[in-house]
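Peer 1: Okay, here's the prediction I keep looking at, along with the sequence it came from:
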Amino acid sequence: MSQAQTPHVDPSRMANAIRALAMDAVEKAKSGHPGLPMGAADIATVLFTQFLKFDAADPKWADRDRFVLSAGHGSMLLYALLYLTGNKSMTIEQIQNFRQLGSLTPGHPENFLTPGVETTTGPLGQGIATAVGMALAERHLAAEFGGDIVDHHTYVLASDGDLMEGISQEAIAFAGHLKLNRLIVLFDDNGISIDGAISLSDSVDQVKRFEAAGWNAERIDGHDHKAIADALTRAQKSDKPTLIACKTIIAFGAPTKAGSEKSHGSPLGAEEIAGARKKLGWDASPFEIPQDILGAWRAAGSRGAAAGAEWDKRFAAKDAALRAEFKRRMDGELPAKALADAVTKMKSALAAAPKDIATRTASEQVLDVLIPAVPEMIGGSADLTGSNNTRVKGMVAISANNYGGRYVNYGIREHGMAAAMNGMSLHGGLIPYSGTFLVFSDYLRPALRLAALMEVRAIHVLTHDSIGLGEDGPTHQPVEHLAALRAIPNLNVFRPCDTVETLECWQLALEAKHRPSVLALTRQNLPQLRLTDDAENKSAAGAYEISKADGEAKVSIFASGSEVSLAVEAQKLLKARGIAARVVSVPCMDLLMEAPESARAAIIGNAPVKIAVEAAIRQGWDALIGPDGIFVGMSSFGASAPYKELYNHFGITADAVAKAAEARLNTR
């Protein structure tokens with residue numbers, strides 16, 4: 001969307017407005033990163049005034065270009081741009097309250113807080129990897145709804161640190177493979193990191209690196225507005241993703257700290273700012289922007305309104321059904337009736353013909369009914385499709401030749417996969433899900449944590465969820481992972497015990513519009529415990545009594561996943577010994593902990609002996625059984641053997657549970 005610069009205003013003065021706001025805000029906060037905004041101001045000025053398709057008055061316009069500040073530490077660059085272009089939420093008072101409690105200008109950009117921020121960045125590498133998902137979403141939705149409705153670019157401003165992080169390699173290799181030509185990365189190549197010159201730790205030729213991954217890549221002077229514009233023009237015409245390495249000077253204009261690590265993460269100081277103002281020819285008072293410059297920026301902010309109006313006309317001319325479907329999906333609303341009907345029909349079928357299968361297989365069968373009902377679902381796996389069971393029959397893979405498919409082969413890139421899923425969800429119109437082994441959640445955890453922070457709907461199918469995977473041994477057997485994932489706020493960790501619970505957990509994951517979900521699923525077969533045609537989603541409570549006691553319960557047994565059937569067997573053993581026990585299935589501890597205290601108390605009950613059973617570590621279970629409760633599970637790493645032998649070896653058996661309960665009752 002190239003357009004000539006606003007007349008009568010020197011673009012270098014417009015760039016200096018960014019520099020001044022960054023200097024002033026960081027100085028007032030006595031905290032922040034002035035160097036990047038000052039160094040990248042020329043890049044941002046050319047991009048926002050000549051190329052970026054956006055309307056500051058409508059920051060959620062569906063066909064806007066996406067701008068991702070991957071170098072989130074330079075957040076004042078983005079806040080300055082939002083203020084200058086006329087974003088209504090970003091007032092000068094917000095700029096003055098940079099990094100203060102309750103402001104819209106936190107230390108790193110937060111999409112859930114600040115209108116106009118596309119994604120939360122700060123952990124380096126996450127932004128560029130998330131942007132890959134946005135670019136993929138754009139291509140997929142264009143294939144589905146038409147290029148006249150979905151036709152935009154994703155721009156990224158990345159730092160040296162972004163490109164050093166390992167996730168960047170996963171992201172650029174994946175984007176190059178899929179030829180995501182609407183993705184354009186502007187590399188702020190200032191040669192500086194916190195420790196000093198980049199040469200202290202890195203000598204990679206980033207242009208060659210990106211070219212090797214299937215990108216177009218070139219080097220330019222990042223302070224030459226014409227060179228920046230020419231490079232962006234070439235990038236927009238490319239049939240590949242593009243890297244533009246922009247050679248810049250960190251803290252451009254600062255008299256003694258420009259080009260130095262001293263300007264990276266600390267205020268410049270009053271004397272240095274005074275010198276910078278003089279050197280840049282900027283004589284306005286702090287937080288004041290001359291009217292001609294502000295007017296030029298505001299004109300840039302409204303430049304996209306005409307494109308938005310034209311888009312509205314094209315959209316209005318579309319078939320009513322297509323318009324309704326596009327709006328529904330971009331609004332993140334589910335096809336409620338289709339989903340409910342699919343769940344009801346499958347529950348009835350399971351009641352009529354129970355299935356004793358692994359929950360990973362159950363998940364595949366659930367997807368068989370959900371995929372047709374919820375067309376925005378996009379599946380995938382990190383090269384474990386046959387093990388995760390995430391691809392159902394008829395799903396076409398997305399490729400560089402066909403963006404209209406609904407399955408993504410991510411390759412062995414768990415971290416990049418999770419970040420791309422975040423990008424797809426943030427873009428709107430899609431609900432991504434994908435799979436790997438639960439033990440490899442360690443590889444994707446940073447992106448999953450961000451998903452929870454950003455309140456995005458992304459669903460992770462994590463199979464082979466315990467020592468029950470058997471012979472692959474302790475390197476692949478998750479022990480601490482359930483506890484670690486449950487520790488992440490705003491993340492639902494589901495561990496269903498059978499096919500019915502798997503269906504219910506999938507339904508809950510889809511309905512959780514503002515949080516990601518994990519489905520921890522078994523490799524080994526499990527009996528179907530829920531045998532009645534029950535319309536209620538019992539898993540929604542987080543836990544429920546799956547098997548009542550015969551009389552007043554003396555023992556409550558709590559379990560999740562594969563250990564629920566083991567708990568039911570222990571209940572039978574106790575009954576034979578004259579001890580009444582109840583079994584509580586806990587498919588989602590997170591939902592249980594969020595329930596009102598009275599509801600939790602009712603589920604936990606008042607049996608004198610409480611036991612938790614899970615083939616994982618104890619951490620987290622004391623909330624149900626108390627510190628004096630009995631835990632039957634793991635306290636070490638696993639071992640390599642057939643899974644039934646492992647359960648016996650580690651003492652996770654029905655007999656062990658029954659004996660522990662009986663022993664405790666005898667000591668009371």
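Peer 2: Now that the structure is in, tell me what you want to look at. Numbering: from 1, shown residues only.

Peer 1: Tell me how many other residues surround D205.
Peer 2: Neighbours of D205 under the rule other C-beta atoms under 10 Å: 12. C-beta here means a position set from N, CA and C on the backbone, and glycine is covered the same way.

Peer 1: next one: G578
Peer 2: Neighbour number of G578 under other C-beta under 10 Å is 9.

Peer 1: Verify the assumption that it is located in a helix.
Peer 2: No. Read with DSSP: H, G, I helix; E, B strand; the rest coil, G578 is coil and lies in no helix.

Peer 1: Could I get the phi/psi values of it?
Peer 2: Torsion angles at G578 (phi, psi; degrees, to the nearest 10) stand at phi 80, psi 20.

Peer 1: how about the strands in the stretch 551-668 of the chain?
Peer 2: Here the stretch 551-668 of the chain has its strands, by DSSP state E, counting those that start in this stretch, at 555-559, 581-585, 609-614, 630-633.

Peer 1: Point out the most buried one among those strands.
Peer 2: strand 555-559 (a mean of 29; mean count of other C-beta atoms under 10 Å).

Peer 1: re earlier: of all the strands of the stretch 551-668 of the chain, which lies closest to G411?
Peer 2: Between G411 and these, the shortest gap by C-beta to C-beta is with strand 609-614, which sits at 32.0 Å.

Peer 1: so the closest one versus strand 555-559, what angle?
Peer 2: 20 degrees (axes from the mean of the first three to the mean of the last three C-alpha atoms, to 10 degrees).

Peer 1: average model confidence for strand 609-614?
Peer 2: The average pLDDT within strand 609-614 is 98.

Peer 1: Let me have it in PDB, keeping just the CA atoms, if that works.
Peer 2: Output of strand 609-614 as PDB, limited to C-alpha atoms (Å, rounded to 0.1, in the frame of the first residue of the first chain):
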ATOM      1  CA  VAL A 609      -9.200 -41.000  54.200                       C
ATOM      2  CA  LYS A 610      -8.300 -39.200  51.000                       C
ATOM      3  CA  ILE A 611      -6.100 -40.700  48.300                       C
ATOM      4  CA  ALA A 612      -4.900 -39.300  45.000                       C
ATOM      5  CA  VAL A 613      -3.700 -41.500  42.200                       C
ATOM      6  CA  GLU A 614      -1.800 -40.200  39.200                       C
END
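
Peer 1: which helices and strands does that strand pack with?
Peer 2: When contacts are defined as 3 or more C-beta pairs under 8 Å, 6 or more residues apart in numbering; DSSP states H and E, strand 609-614 sits against strand 555-559, helix 563-576, helix 622-625, strand 630-633, helix 654-666.

Peer 1: please redo it, this time with the cut-off set to 6 Å
Peer 2: Strand 609-614 is packed against strand 555-559, helix 563-576, strand 630-633, helix 654-666, with contacts defined by 3 or more C-beta pairs under 6 Å, 6 or more residues apart in numbering; DSSP states H and E.

Peer 1: What strands line up against the shortest one, and which way round?
Peer 2: Paired strands of strand 630-633, with direction, are strand 609-614 (parallel) (DSSP bridges).

Peer 1: Next, the angle from the strand it pairs with to helix 654-666.
Peer 2: Using the same axes, to 10 degrees: strand 609-614 against helix 654-666 is 160 degrees.

Peer 1: and strand 609-614, how far from the chain's centre?
Peer 2: On the basis of C-alpha atoms, centre = their mean, to the nearest Å, strand 609-614 sits 33 Å off its chain's mean C-alpha point.

Peer 1: hmm, who's touching it?
Peer 2: For strand 609-614, contacts defined as C-beta atoms under 6 Å, 6 or more residues apart in numbering pick out 555-560, 563, 567, 621, 625, 629-633, 657, 661, 664-665.
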